Structure formats: C-alpha cells, structure tokens
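*Asks:* Next comes the sequence, and after it the predicted model I'd like to discuss.
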Amino acid sequence: MHKKVLIVDDEPHIRMLIEQTLEDLEDDGVELLLAENGEEALRVITEEKPNLVFLDVMMPKMNGMEVCHKVKKELQISGVYIILLTAKGQEVDRQKGLDMGADRYMTKPFDPDEMLAVAEEILNS
C-alpha cells in the first residue's frame, strides 16, 4: 500500500532536516510531502490523507495545535497519525497537544534515529 508522510514546519532548514532523516522511507515506497504553514498543512492533509504527519506547533497562519484540532475533532479524518514537534518540552503544551487530538509529541531538537524509528513503527503498524 502506498503510504504518505507529511512534514510541516515553517523553517526551511528544519523541513529539509526532517526530509533527510526520513528519506530512507522512500526506498520502501513512502511518499514524503511538505508544507510550510498550518493552512497548507490542512489542505494537504484533506487532499492527500497522509498516514503520518510531523507537525510543528509554532507556525504562522495556523499553528500546529489548531491544525491538529481541525483534523481530529472537526473534520474527524481517520487514519492520520499526528506527531507534534515543539521546541518547548513543557508539560502544559504536551497535555494541550494531546487534548487537541495529537497522537504523540516530540521535542526539538529531535534525534534523527528516534524520529525514523518512530515513523517506521507507525507506518508498519
């Protein structure tokens, strides 16, 4: 089955870093999609229905929390696993993200090996 992973971050170098981290997945036929803000992310999620989304919290136009809430609570798109990426490791944010419907939380700077392992685990489950 053709799987898709969406990478959402407003900082180009972080998008590129995550893309490089996950490029091994492409060997397994996984398509990597990119978005640079929350509005674009929402459009891509609605159109492409990716299996997994790495979603930055702090973004212009619409932040990661809002995107997560729209996808999970309002549109109720199923089968989309959302991992929120944040520079803040504060418990309050973590709980808020999970309340918004996020499936998991990762803190920046992230460990590339861990990120790839998590992605493989989710895509193969």
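*Replies:* Good, I have the coordinates.
*Asks:* so who does the spatially most central residue of the chain touch?
*Replies:* A centroid search over the chain (C-alpha atoms, centre = their mean) returns residue 54, at 1.7 Å, as the residue closest to the centre. Going by C-beta atoms under 8 Å, 6 or more residues apart in numbering, residue 54 touches 5, 6, 7, 8, 9, 18, 83, 85, 106, 115, 119. All C-beta atoms are positioned from the backbone trio N, CA, C, and that covers glycine.
*Asks:* one more time with 7 Å, if that's ok
*Replies:* 7, 8, 18, 83, 85 (C-beta atoms under 7 Å, 6 or more residues apart in numbering).
*Asks:* who's in contact with the lowest-mean-pLDDT helix or strand in the chain?
*Replies:* Within the chain, no helix or strand scores below helix 91-99, which has a mean of 82 by mean pLDDT, DSSP states H and E. For helix 91-99, contacts defined as C-beta under 7 Å, 6+ apart pick out 65, 68, 84, 86, 105.
*Asks:* residues of whatever helix or strand the last one lives in that come out buried?
*Replies:* Okay, so that is residue 105. If you go by DSSP states H and E, residue 105 is part of strand 104-107. Using 16 or more other C-beta atoms under 10 Å as the burial criterion, the residues of strand 104-107 that qualify are 105, 106.
*Asks:* swap in stretch 99-116?
*Replies:* Those would be 100, 101, 102, 103, 105, 106, 108, 110, 115, 116, for stretch 99-116 by 16+ other C-beta under 10 Å.
*Asks:* Can I get it in PDB? Just the C-alpha atoms.
*Replies:* Taking C-alpha atoms only, stretch 99-116 is exported to PDB below (Å, rounded to 0.1, in the frame of the first residue of the first chain):
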ATOM      1  CA  ASP A  99      -6.200  17.300  24.200                       C
ATOM      2  CA  MET A 100      -6.300  18.700  20.700                       C
ATOM      3  CA  GLY A 101      -6.000  15.100  19.300                       C
ATOM      4  CA  ALA A 102      -2.300  14.700  18.800                       C
ATOM      5  CA  ASP A 103      -1.200  11.100  18.900                       C
ATOM      6  CA  ARG A 104       2.300  11.800  20.100                       C
ATOM      7  CA  TYR A 105       4.700  14.600  21.000                       C
ATOM      8  CA  MET A 106       8.400  15.000  20.000                       C
ATOM      9  CA  THR A 107      10.700  17.800  21.300                       C
ATOM     10  CA  LYS A 108      13.100  19.700  19.100                       C
ATOM     11  CA  PRO A 109      16.000  19.300  18.600                       C
ATOM     12  CA  PHE A 110      14.900  15.700  17.800                       C
ATOM     13  CA  ASP A 111      17.100  12.700  17.500                       C
ATOM     14  CA  PRO A 112      17.100  11.600  13.800                       C
ATOM     15  CA  ASP A 113      17.400   7.900  14.600                       C
ATOM     16  CA  GLU A 114      14.500   8.100  17.000                       C
ATOM     17  CA  MET A 115      12.400  10.000  14.500                       C
ATOM     18  CA  LEU A 116      13.000   7.400  11.800                       C
END
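*Asks:* Perfect, I'm done here.
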